[in-house]
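K.L.:
Dropping the sequence and predicted coords here.
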Amino acid sequence: MTTQEPQEPQEPQEPQRPQRLYIGGEWVEPAGGHYEVVNPADESVVGLAPEASRDQVAEAARAAAEAFEGWSRTSPEARAAILDRAADVMQREFEPWAALAQAETGAPPGIARGMQVGVGVSRFRRYARGALEPVERGLAPQVTEAGPMGRASILGALEVRQPVGVVTCVTSYNNPWANPAGKVAPALAMGNTVVVKPAPQDPLSVFRMAQALHEAGVPAGVVNVVGGTSVEVGEAAVASPYVDMVSFTGSTGVGQRIAEVCGRTMKRQLMELGGKGAAIVFEDADLDAAVLGIGTTFSFYSGQICTAPTRVIVHRAVYERLVEKLTGYLAFMRVGDPAVRGTVVGPVISAAHRDRVESYVELGRKEGARIAYGGERPVVGEAGKGFYVAPTLLVDCTNEMRVVREEIFGPVVVVVPFEGGEDEAVALANDSDFGLLSYVWSGDSARAFRVARRLRAGGVGINTIGRNMEAPFGGFKRSGVGRDVGSYALHAYSELQSIVWPG
């Protein structure tokens, strides 16, 4: 059993010249110099990324504010054309930009091509169409009687979606194409201007996106990209008085700090935060299908994805069988350099993150979990370079354990048994600070839908880990604020205005 078709290794990247910032339609030398972006697969240097200063972030936000009036009044057709042309550039540069994404993130070629650059292109196409979606909706007229507010009348009303203004987009490291494209494209489609602050681990791909928009003819100041390793860069991008909204993807802890800053001036927020996806497996489930779904936690982005089914809640009647099948599945999970044919699980993003994931595995052992598979650091290649974590299965867990309650963000799955029926399974699944995506595997469709409606999660997959990319995406509880994807993203980057007149 394998999780993907073997991929041919890609050609090595040409040496990258030091990356400049993109501010006000110009490529600008960073005041703080440059730092090395490291390939997590072999620890080689991919390129040099820019370190912006606070003043440069302020300049970017000011440029976005100055460009807003003109861009927001541009016709939807003109905005759509620019997004489409940017997608054309991405498609033209697909091969080298996919190779860069693979080098920055350590993703296998199929992921770098299909789920990173490929999704970036498709999201720009989607929101080129989205720019043409209606932003006005007529409401039913209302008859009002004479009174202190005036004479009797019939009042008409119109609902209008207006752009928010300047949006700071703080993006995640696990996908430097899909994540920023899912913020930038709908924000621009609605007439907003943006300041993008990419994750410091893999920012070079985001600058390629800016390059595509620049070539597509986006007006100066509409798109700005600043970056750096300093916390000050992100703080300045969030706190700027020119910024009207912050769209953030990342950890719940950082999201809470951003929300506190936004609250001071009532900035709008769109937050996609942590997850600890519950996967309920009932006794009548197709266990092979459940294993295939749960198994993506190990292979997809090496578990660095907030939507993963990392917390398996399985009925005692099929507990041993499911654990046996998951263990057998893991035996085929080849860990290695993502550029090498046949690799299924690549590295995590950094040495620090590898150490964090491994510390959770050791914590689970101390808490009483049994390591059914994995737990030891793999050595890849003769030099032993790279930030690799063994896919690990922790079984005999309880809901009180930290490894069950906290987001690990790596190729680690925990398994919790339950003895009773739906009520117990739902209680265990909902006993969490998180509520992004959950999953139900059952052969009884009525039961599966009944349980899904009781789960405190922004989305529920029934017998699948697939997502409908027009369905709203976001979390309950500490997993986020707001919804995006499809037309919901256009709504997220807009404000509702009502216009009323006498009939």
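P.N.:
Yep, it's here.

K.L.:
For the rest of this, base every contact and every neighbour count on C-alpha atoms.
P.N.:
Noted.

K.L.:
The stretch 101-250 of the chain: strands as residue ranges?
P.N.:
136-144, 153-163, 166-170, 193-197, 223-225, 245-249 (DSSP state E, counting those that start in this stretch).

K.L.:
Need those in a markdown table (columns: mean pLDDT and mean neighbour count).
P.N.:
Formatted as a markdown table, those follow (pLDDT from 0 to 100; neighbours: other Cα atoms under 10 Å):
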| stretch | mean pLDDT | mean neighbour count |
| --- | --- | --- |
| strand 136-144 | 94 | 13 |
| strand 153-163 | 96 | 17 |
| strand 166-170 | 98 | 28 |
| strand 193-197 | 98 | 30 |
| strand 223-225 | 98 | 27 |
| strand 245-249 | 98 | 25 |
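
K.L.:
a markdown table for the ones you listed, including distance to residue 412?
P.N.:
Output for those, formatted as a markdown table (distance: least, Cα to Cα, whole Å):
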| stretch | distance to residue 412 |
| --- | --- |
| strand 136-144 | 47 |
| strand 153-163 | 41 |
| strand 166-170 | 26 |
| strand 193-197 | 29 |
| strand 223-225 | 34 |
| strand 245-249 | 21 |
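
K.L.:
Find the nearest non-adjacent residue to residue 234, please.
P.N.:
residue 197 (6.7 Å; Cα to Cα, 6 or more residues apart in numbering).

K.L.:
Now do the SS call for residue 461.
P.N.:
Secondary structure for residue 461, judged by DSSP: H, G, I helix; E, B strand; the rest coil, is strand.

K.L.:
now swap in the one 3 residues further on and tell me
P.N.:
With three-state DSSP as the basis, residue 464 sits in coil.

K.L.:
Could you check how many residues crowd around the closest residue in space to it that isn't next to it in sequence?
P.N.:
Of all residues not flanking residue 464 in the chain, residue 293 sits nearest, at 6.5 Å (Cα to Cα, 6+ apart). Applying other Cα atoms under 10 Å, we find 19 residues neighbouring residue 293.

K.L.:
which secondary structure element contains residue 293?
P.N.:
helix 287-299 (DSSP states H and E).

K.L.:
So which of the strands of the stretch 101-250 of the chain is nearest residue 56?
P.N.:
The closest of the strands of the stretch 101-250 of the chain to residue 56 is strand 223-225. By Cα to Cα, the value is 10.3 Å.

K.L.:
so how far is that closest one from its chain's centroid?
P.N.:
With Cα atoms, centre = their mean, to the nearest Å as the basis, strand 223-225 stands 19 Å off its chain's centre.

K.L.:
contacting residues for the residue nearest to residue 464?
P.N.:
Counting by Cα atoms under 8 Å, 6 or more residues apart in numbering, residue 293 touches 309, 464-465.

K.L.:
repeat that with 10 Å
P.N.:
279, 287, 308-309, 439, 441, 463-466 (Cα atoms under 10 Å, 6 or more residues apart in numbering).

K.L.:
May I see those residues arranged in a markdown table, with pLDDT and distance to residue 149 as well?
P.N.:
A markdown table is the format used below for these (pLDDT from 0 to 100; distance: Cα to Cα, whole Å):
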| residue | pLDDT | distance to residue 149 |
| --- | --- | --- |
| 279 | 98 | 56 |
| 287 | 98 | 66 |
| 308 | 95 | 55 |
| 309 | 96 | 56 |
| 439 | 98 | 53 |
| 441 | 98 | 58 |
| 463 | 98 | 56 |
| 464 | 97 | 56 |
| 465 | 96 | 55 |
| 466 | 94 | 53 |
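
K.L.:
and of the residues you listed, the nearest to residue 167?
P.N.:
residue 308 (28.0 Å).

K.L.:
Quick check, central residue of this structure?
P.N.:
Closest to where the C-alpha atoms of the chain average out (Cα atoms, centre = their mean) is residue 179, at 4.9 Å.

K.L.:
Can you list the buried residues in the longest helix seen in the chain?
P.N.:
Of all segments of type helix in the chain, defined using DSSP state H, the longest is helix 54-72. By neighbour count on 16 or more other Cα atoms under 10 Å, the buried set for helix 54-72 is 54, 56-68, 71-72.

K.L.:
I'd like the average pLDDT over that helix.
P.N.:
pLDDT averaged over helix 54-72 equals 98, rounded to a whole number.

K.L.:
The residue nearest to residue 234 touches residue 233, doesn't it?
P.N.:
Yes. If you go by Cα atoms under 10 Å, residue 197 and residue 233 touch, sitting 7.9 Å apart.

K.L.:
between the two, what contacts are shared?
P.N.:
What both residue 197 and residue 233 touch, as defined by Cα under 10 Å, 6+ apart, is the set 57, 226-227.

K.L.:
pull the helix or strand with minimum mean pLDDT from this protein.
P.N.:
Ranking every helix and strand in the chain by mean pLDDT, DSSP states H and E puts helix 109-110 at the bottom, with a mean of 90.
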